[in-house]
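Colleague: using only what follows, build the 3D model:
(2 chains)
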Amino acid sequence: MTLEADCPLKMYEEHHDLADYQSGVPRWCSGCGDNAILTAMQRLCRDHNLRPEKTAFISGIGCSSRLPHYMRAYGFHSIHGRALPVAEGVKMARPDLDVFVVTGDGDCCSIGSAHWIHALRYNMNLTVVLHDNHVYGLTKKQASPTSPRGLKSNTTPRGAYLEALNPLTVTLGVQNVSFVAQAVDWIPETLYDILDAAFRHRGLSFVRVIQRCSEFLPKLFDPWLRDPQKVQLLTHEGALKPSAGLAAVYKNQLDHDPADMNRAREIASLEDPIPVGILYRNPDVPCYEDLRLSDKVRNAETIRAGLEAEFDRFTVWPGGKRTQRGRAQGGNADDANGSDG
Amino acid sequence: MQTMRMEATVDVQAVDPPVFYATGKQPAGAAPARLWPAALAPYRDLANLRFDFPLILTSGKAGAPVISLSDAVNAVLQEIAPPGRDGETLRRTVLRIERAVRKRAAGGAKGTLSEMWAAAAANLEEAARSEAQKAWAALGLDGTVLDCHQGTAAILMAHLWSAAQNEKARQFLATAAKLSAALSGILRADYLRSAEGRSPQSLQAAMGGALQSLFDFSEMSALLPKATARDALPESRRRRLAWALAVLEQQRFFAVPGKAHAPANEPYGFRFDNCGEALAAYRARLPELTELVKAMAVAELEIDGAYNEGRHDAYFSGFDAGSLRAEDRARFPDYLLVLGDESEPFDNTGVLAVLSSGIPLKIVLNVGDLATGDDPAALGVRSTDIATLAAALGNVFVLQSAGSNLYALHERLSRGLAFAGPALFSVYAPPATAHLPAYLAAAAAMQSRAFPAFTYDPGAGSDLASRFSLENNPQPEADWTTSVLEYADGDLQRVRQEVAFTFVDFLACDPRQLHHFAVAPAGYDRLAPAAEAIGVPSRSAVPFVAVSDADNRLARLIADERAVDAARRCLEKWHRLQELGGVHNSHAERLLERERKAWEERAPQASAAEAAPPSAPVAVAEAPVTEAPAEVERAPGDAFIETPRCSSCNECTQINSRMFAYNGDKQAYIADVKAGSFAQLVEAAENCQIGIIHPGKPVNLAESGLEALIERAGPFQ
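Modeller: You can find the predicted model right below:
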């Protein structure tokens, strides 16, 4: 007997409302785009009937990284730039959990950029949402890697000197990338649809959400907010399909097959109009946790034996002696360790 | 077919054909000597021909559990021997080895392929040995060599059954180990949080021996935060976890590698020699199996955190054998019974009773003899009827085949073993005789329809067409199989003749049935081939079958009426099987005939209608118009929000949470326009960055500063 869909015990499955995923009052500023992402996340959990005790939100540091506090699920508000490796560890140890990663443009694209690159290459089954408001908001307006050139901030009073980093082109340049999409916080329908597609994708799905910072960059996206033509919806059969109402407002649409990597890279380079939709999707890229799947059972005894063997390798024995046990287990530890180096 | 050169007469004392046909009596000394059916003559030197046998019962974990020697050799030659002359030497060497292995197996040698290959290679010249070595390295498999003989079915089925059970054991033990580890983990964590787990003694025991004196474990125990009652496992849950863990660890259905078992707790065996013992063992173990399934279900729920006492206690308190589903039973070993060898003859009633019980028994009937006594009327009745009767039970997988055809059907055999329910494999595997190898004797039974092949697979679909198959029978559309016989006549001229291989020919293969035959006198011309005589219920012609003797001389044997009657019954049974298999199905043919007549009657009318002028158009019912979703009724000048575009940013709700509210998707709408002022509406519209709030006209015309507010609201209307 298993708890598969056909199991009679499934009839006891609980259903959840939006309120079941809400926790506390967000401390974000009024008008902050984080609110839209939070709402879309909560709707996603409700619509997929995710069990709160089987769902984990992992974040780094920044305004966006407060999101796990507002989700009634497991959360890990970790350290700056380290949301991805923490999430990978969670997923490796508990592949049965649905793991979401919440990160910001400073958290992901600056201090956490090395983890970002390698998380893409590992392609573990995570849903990663980059809240990109183009500025460090929590620390009161410093330039981030995605701040536009010329942005005056506390760290760039004469204006930012460098061209902004484009998270989409960077992501699409990494080996093993399997899902890349872009959304904007002011079109909730597509934001939800993209998050939904990202969640359904098996592999690391990277969603950049361009969001407004109502406090420090209140006018930055006004031209795009006011003119729907400056947003280009990427539509395709089996990918994004806007409703009739949305299509009537956002008439600038482009049919794009997410399987086409070269075209995805061209679209990713666009700055105006902003492309919104699924740029790239390849369900055939293997997930790291599947490649490393082992039938070996980890219990207290096997973990203890592995640790003992590892410690014995570095133990200095009185008189320079090493026991037979130490040598034997040290040798085994090389195999058991399985480190990638 | 190979050309045979035969003479057209055999010197045996003649009989009067019509008298012999009617009475079956022949003068003393007129019985024919041992003769071969002429159709089998080309296959006398079987060991020099390439065919399905011997088989290799592979011992590796990967790949199919059985492969024929010829298939294995073909695969390796395709891989290492280039086409054309370059690979010719290698091909010849490998085929010589194959022939040598086949001869050894046919001679009764036992052993593995590696042993036989090495022995064959040792007899090759020096230059060829390295090629043999190269081919062996490329072969990449080894296993027991199995030739076609009376015990083949039992050995092959036991091997396939073991492979299937090993796979079940691997899956079950992996699942059980994960469940046990997870249950132990929960219990261990609970223990560590308990007062006992935090006691100084427990903490000291957890520390390495040499370091125990360095710490004050009493102090350490006092420092540890006390676990609250909420953190501790409820006693009922702890007991449930411990029970499930104990049931999992004490199970006896699968042997755990490396685990020592007390004599009273040895893993169960699942191979039996008679129905009664298998049935009794299954029934005795059923409560234990039910308990194990229940424990696994409880463990999965507990590990998933989904066990709810209010809901699940009642379910599991009533959990019994009736709660088991087919999938649950299928996770456990199947019982294997091999019946029908000389030591344990089977009875049809007992086999059918045990099959109809629905328990997962895999029964192999090894049919070694189709005859019951020397009466041809009884030929095949007992052995073939049990398979058709078992198929009629509905939920039993049934496969009937001659032993010669087992390799062609090996995927079906595996499917039967994997079927979640009882299965019957009825195999005709006669012993070899001095004149006829076991393979040919079995093949003759299938060629003559005496023991046709069929499969009834309840797992293949819901209807008979999906479940019943006559696959692998030669020429399944025909009454009898036919082949071309070539021989030289008395003038040494080549003659080609199509001959049928009937049940009468099959009888002629059996030395015990030769008293039903007599040699036809030379020059007697009122003879008819047996296939024709069987179809004509009269004595107008005497039936004969073509045979040859050890010197390849051709003769005609006339058969008596009893042999022909037996052939007619055999054909009737074959017709029934054909109908089940969709060949010449009488219902389908009648329906087809009826439809054909109806079509012929309609055809002239249709032609006339086509010639007539077109009739008036028929009114077509209009498709119902889908109602457009009702829009919220809004009078001109009403305030509103484009709710689907709301990004939930809280700007408006923070201005007035009674006027602006969120819907079920947390998107804003105007809940009560009178709950606030027009000034708040205008302020919300100005603050909304997406610009989806439209203030409309003021409701309270007495509100102060209205003129300026209306002007500010202008851009948002």
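Colleague: ranges for the helices of the stretch 201-341 of chain A?
Modeller: A:222-226, A:244-249, A:261-268, A:288-291, A:300-314, A:324-337 (DSSP state H, counting those that start in this stretch).
Colleague: what's in contact with stretch B:196-204?
Modeller: With contact meaning Cβ atoms under 8 Å, 6 or more residues apart in numbering or on different chains, stretch B:196-204 is reached by B:191-192, B:212, B:215, B:217-218, B:220-221, B:224, B:226-227. C-beta: built from backbone N, CA, C; applies to glycine.
Colleague: narrow the residues you listed to those in helices?
Modeller: Of those, the ones assigned to helices by DSSP state H are B:191-192, B:217-218, B:220-221.
Colleague: can I get these in a markdown table including neighbour count?
Modeller: Formatted as a markdown table, these follow (neighbours: other Cβ atoms under 10 Å in any protein chain shown):
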| residue | neighbour count |
| --- | --- |
| B:Tyr191 | 14 |
| B:Leu192 | 15 |
| B:Phe217 | 17 |
| B:Ser218 | 13 |
| B:Met220 | 14 |
| B:Ser221 | 17 |
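Colleague: and the two most separated of those residues?
Modeller: Using Cβ to Cβ, the ones in helices among the contacts of stretch B:196-204 reach their maximum pairwise distance at B:Tyr191 and B:Ser218, which is 19.3 Å.
Colleague: need the residues of the stretch 51-200 of chain A near chain B, please.
Modeller: With the criterion set to Cβ under 8 Å from any Cβ of the partner chain, the stretch 51-200 of chain A comes near chain B through A:53-54, A:96, A:185-189.
Colleague: what's near enough to touch the closest residue to A:Pro223 other than its chain neighbours?
Modeller: With sequence-adjacent residues excluded and distances taken as Cβ to Cβ, 6 or more residues apart in numbering or on different chains, A:Pro223 is closest to A:Lys230, at 6.1 Å. Taking Cβ under 8 Å, 6+ apart, we find A:Lys230 in contact with A:223-224, A:252, A:272-274.
Colleague: average pLDDT across the helix or strand encompassing B:Ala603?
Modeller: Here B:Ala603 sits within helix B:586-611, counting by DSSP states H and E. Throughout helix B:586-611, pLDDT has a mean value of 82.
Colleague: which SSE is immediately downstream of that helix?
Modeller: Later in the chain than helix B:586-611, the nearest helix or strand by DSSP H and E is strand B:640-641.
Colleague: show me what that following strand pairs with in its sheet, parallel or antiparallel.
Modeller: Partner strands and pairing direction for strand B:640-641 (DSSP bridges) are strand B:693-694 (antiparallel).
Colleague: contacting residues around the partner strand?
Modeller: So strand B:693-694 is contacted by B:639-642, B:652, B:681, B:684-685, B:716-717 (Cβ under 8 Å, 6+ apart).
Colleague: so chain A: which segments form each domain?
Modeller: Following automatic domain parsing, one gets these domains for chain A: A:13-287, A:294-337.
Colleague: residues from the stretch 301-450 of chain B in reach of chain A?
Modeller: So the stretch 301-450 of chain B meets chain A at B:301, B:304-306, B:308, B:311-312, B:315, B:325, B:327-328 (Cβ under 8 Å from any Cβ).
Colleague: how about those in TSV, adding pLDDT?
Modeller: Output for those, formatted as TSV (pLDDT from 0 to 100):
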residue	pLDDT
B:Leu301	92
B:Asp304	86
B:Gly305	85
B:Ala306	85
B:Asn308	87
B:Arg311	85
B:His312	90
B:Tyr315	90
B:Arg325	86
B:Glu327	85
B:Asp328	89
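Colleague: got the contact list for the nearest residue to A:Leu234 once chain neighbours are set aside?
Modeller: Nearest non-adjacent residue to A:Leu234, counting by Cβ to Cβ, 6+ apart: A:Gly277, 2.7 Å away. Residues in contact with A:Gly277, defined by Cβ under 8 Å, 6+ apart, are A:181-182, A:190, A:194, A:233-236, A:239-240, A:256.
Colleague: do B:Met157 as well
Modeller: Counting by Cβ under 8 Å, 6+ apart, B:Met157 has contacts B:336, B:338, B:362, B:364, B:413, B:417, B:425.
Colleague: among these, show me the least confident.
Modeller: Minimum pLDDT across those falls on B:Val338, with 88.
Colleague: count the neighbours of that one for me.
Modeller: By the criterion of other Cβ atoms under 10 Å in any protein chain shown, B:Val338 has 23 neighbours.
Colleague: look at the residue of the stretch 101-250 of chain A found nearest chain B and tell me its secondary structure.
Modeller: Chain B sits closest to A:Trp186 of the stretch 101-250 of chain A, with a gap of 4.9 Å, by Cβ to the nearest Cβ. Classification of A:Trp186 using DSSP: H, G, I helix; E, B strand; the rest coil returns coil.
Colleague: hmm, A:Asp222 and it touching each other?
Modeller: No: at 10.6 Å, A:Trp186 does not count as touching A:Asp222 under the criterion of Cβ atoms under 8 Å.
Colleague: same drill for the two, tell me which one is more crowded.
Modeller: Neighbours per residue (other Cβ under 10 Å) separate A:Trp186 from A:Asp222, with A:Trp186 holding more: 24 against 12.
Colleague: fine by me, we can end here.
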